[in-house]
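Student: Predicted model and sequence follow; I will ask about them next.
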Amino acid sequence: MKKEMRKAVYDSVLNIEACRFQGILQPFPPHFHEYYVIGLMEEGERRLICGNMETAARQGDILVFYPGDTHSCVQAGAEPLDYRALHIPAAEMERLAEERHISVLPAFSRTVVSDREQADCFRHLHQGIMDGRGAENREKLLRFLSALWAKYGGQSAVPVQEYRDEVEMVCAFLETHFAEHITLEGLCRYAGLSKSTLLRVFTKNKGITPYRYLETLRIGEAKKLLEQGVPPVEAAMRTGFSDQSHFSRYFHLLIGLSPGAYRDIFTGNHAEEKERLELDTKDEKCVMVIDSSLPLGIIANTAAILGITLGRERPEVVGADTTDQTGRRHSGIITFPVPILKGSPETIREIREKLYQPEFEGLTAVDFSDLAQGCKTYEEYAEKMLAASEENLRYFGIAICGGKKKVNRLAGSLPLLR
């Protein structure tokens, strides 16, 4: 397996960031950026979801994300990801368009573009920025964007969404009060919607839950502070993160770099992370809570699905590969025990509800329900889940990972499932 490498630079002349990730297996959960992202898949394949649409991103594909586009991706296949990207602020993109006498930025007709000629142009442009060849990069950037606009520019229809005004009210509130203590109940009162309705329509409109939206806003604001040289601990406190480890973990999950490494690219150091971000596990805990009344086969199936999905959400808790006495490789496993606890549908639902409370901020949770167990394909599951009401789900199990004290407050009194 290729060695993991993450590198980022900031071009102060172009006012854009460039990054290169190689040997990456990390998934990226639903999130958005305040800037344009243009990327190139050098190697590997990803299952990409953007705007509730799923597509494949393969070697040689160009990816285009607008500010505010909610997107996520997971590994597809065994080949690790090798990816280049440019992060272009909206104001800078407008200035570049004006230089080409484009008064209104056209909407790209697709998120994934397969074009070998443009991929080659982007690769040379990106490498020039990574190498610091500033003098020639602006003209290359203008030529690349002009060609992309000319070939793939167009207008895309914006569908009218249910409760759109209420959702935009909530977004505006979160954007103004992101550093404050915010509860789901408070958002529901502000929007005049029930909890289940707000969660459903917000996720359908934005492709992300209110909590994820808030966390993404906080990360965006933290980036601005880090760019000014603010220490990561202070950036976490000033953007509403009560848990420093959660801030570092979530920053790495969304941005692909640690907060300190990201800060370094604006303080004269090129940020490069050649090794995995290792998690100090002494204060971490993972548990599974499974309905003990289920048949043994479904209990085993539930535990397997929760474990695999948790490994995708928290790849840093999986240790390095090992070899036996004969030199044969054995894949790394989780670095600390995962007790399976005895629960009931009511217990699991109660835990699921508590996860929305701010005191349990930062925990990673994965659930498995009767709806999921009854589906034959993931497409069927995704379609049915969009139409489902959370109160009608029967949870078979839930896995929780994060700070030991928080996990114990949720599930510490439950007995082992034997």
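Tutor: Noted; the coordinates are in hand. Residues are numbered from 1 along each chain as shown.
Student: what's the following helix or strand after the helix or strand of the chain with the lowest mean pLDDT?
Tutor: Per-element confidence for the chain was summarised using mean pLDDT, DSSP states H and E. The lowest value among helices and strands belongs to strand 271-273, with a mean of 48. Beyond strand 271-273 in the direction of the C-terminus, DSSP states H and E gives the next helix or strand as strand 284-291.
Student: strands paired with that following strand, and their directions?
Tutor: strand 340-343 (parallel), strand 395-403 (antiparallel) (DSSP bridges).
Student: could you give the angle of the helix or strand just after the last one to strand 284-291?
Tutor: Spelled out, that is strand 395-403. Following the chain from strand 395-403 toward its C-terminal end, the next helix or strand by DSSP H and E is helix 404-411. Helix 404-411 and strand 284-291 are oriented at 10 degrees to each other (axes from the mean of the first three to the mean of the last three C-alpha atoms, to 10 degrees).
Student: now helix 404-411, how far from the centre of its chain.
Tutor: Here helix 404-411 is found 24 Å from its chain centre; the criterion is C-alpha atoms, centre = their mean, to the nearest Å.
Student: which helices and strands does it pack with?
Tutor: In terms of contact count using 3 or more C-beta pairs under 8 Å, 6 or more residues apart in numbering; DSSP states H and E, helix 404-411 is assigned the packing partners strand 284-291, helix 345-354, strand 395-403. In this view, the C-beta of every residue, glycine as well, is placed from N, C-alpha and C.
Student: For that helix, output the C-alpha coordinates as PDB.
Tutor: What follows is helix 404-411 as a C-alpha-only set of coordinates in PDB (Å, rounded to 0.1, in the frame of the first residue of the first chain):
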ATOM      1  CA  LYS A 404     -14.800   8.000  27.500                       C
ATOM      2  CA  LYS A 405     -16.800  10.200  29.900                       C
ATOM      3  CA  LYS A 406     -19.500  11.000  27.400                       C
ATOM      4  CA  VAL A 407     -19.900   7.400  26.200                       C
ATOM      5  CA  ASN A 408     -20.100   6.300  29.800                       C
ATOM      6  CA  ARG A 409     -22.900   8.800  30.600                       C
ATOM      7  CA  LEU A 410     -24.900   7.400  27.700                       C
ATOM      8  CA  ALA A 411     -24.300   3.700  28.100                       C
END
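Student: now it: mean pLDDT?
Tutor: If you average the pLDDT over helix 404-411, you get 91.
Student: Give me the buried stretch members for that helix, please.
Tutor: 406-407, 410-411 (16 or more other C-beta atoms under 10 Å).
Student: What angle do helix 345-354 and it make with each other?
Tutor: When the same axes, to 10 degrees is applied, the directions of helix 404-411 and helix 345-354 differ by 140 degrees.
Student: sorry, back to before: rebuild the buried residues of helix 404-411 as JSON lines, extending it with distance to Asn392.
Tutor: Rendered in JSON lines, the data for these read as follows (distance: C-beta to C-beta, whole Å):
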{"residue": "Lys406", "distance to Asn392": "28"}
{"residue": "Val407", "distance to Asn392": "27"}
{"residue": "Leu410", "distance to Asn392": "23"}
{"residue": "Ala411", "distance to Asn392": "24"}
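Student: Sticking with Glu175, tell me its helix or strand.
Tutor: Here Glu175, judged by DSSP H and E, is contained in helix 164-177.
Student: that older thread, out of the buried residues of helix 404-411, who's nearest His31?
Tutor: Proximity of the buried residues of helix 404-411 to His31 (C-beta to C-beta) peaks at Lys406, which lies at 22.3 Å.
Student: Quick one: residues contacting the closest one.
Tutor: Contact partners of Lys406, counting by C-beta atoms under 8 Å, 6 or more residues apart in numbering, are 359-360, 362-363.
Student: And for Gln228?
Tutor: Contacts here follow C-beta under 8 Å, 6+ apart; on that basis Gln228 touches Phe266.
Student: now with 10 Å?
Tutor: By C-beta atoms under 10 Å, 6 or more residues apart in numbering, the residues touching Gln228 are 235, 263, 266-267.
Student: those helices in the stretch 1-150 of the chain, which residues are they?
Tutor: Shown for the stretch 1-150 of the chain, the helices assigned by DSSP state H, counting those that start in this stretch span residues 90-99, 116-130, 134-152.
Student: buried stuff in the longest one?
Tutor: Applying a neighbour-count criterion of 16+ other C-beta under 10 Å, the buried positions in helix 134-152 are 137, 140-141, 144-146, 148-149, 152.
Student: and what of stretch 46-62?
Tutor: Using 16+ other C-beta under 10 Å as the test for burial, stretch 46-62 gives 46-50, 55, 57, 60-62.
Student: Isn't Ala18 up against Leu86?
Tutor: Yes - counting by C-beta atoms under 10 Å, Ala18 sits close enough to Leu86 to count as a contact (5.5 Å).
Student: Overlap in contacts, these two.
Tutor: When contacts are counted by C-beta under 10 Å, 6+ apart, Ala18 and Leu86 have 11, 125-126, 129 as shared neighbours.
Student: Show me which of the residues you listed is closest to Gly343.
Tutor: Sorting the shared contacts of Ala18 and Leu86 by distance to Gly343 puts His126 at the head of the list, at 49.3 Å, by C-beta to C-beta.
Student: can you count the residues close to that closest one?
Tutor: Counted with other C-beta atoms under 10 Å, the neighbours of His126 add up to 24.
Student: which one is it nearest to, not counting chain neighbours?
Tutor: In this structure, His126 finds its nearest non-sequential neighbour in Arg84, 4.7 Å apart by C-beta to C-beta, 6 or more residues apart in numbering.
Student: so what's the one you found scoring on pLDDT?
Tutor: 97.
Student: How about Leu63?
Tutor: 96.
Student: contacting residues for it?
Tutor: Neighbouring residues of Leu63 by C-beta under 10 Å, 6+ apart: 37-41, 46, 48, 50, 55, 57, 71, 73, 83, 85, 110-113.
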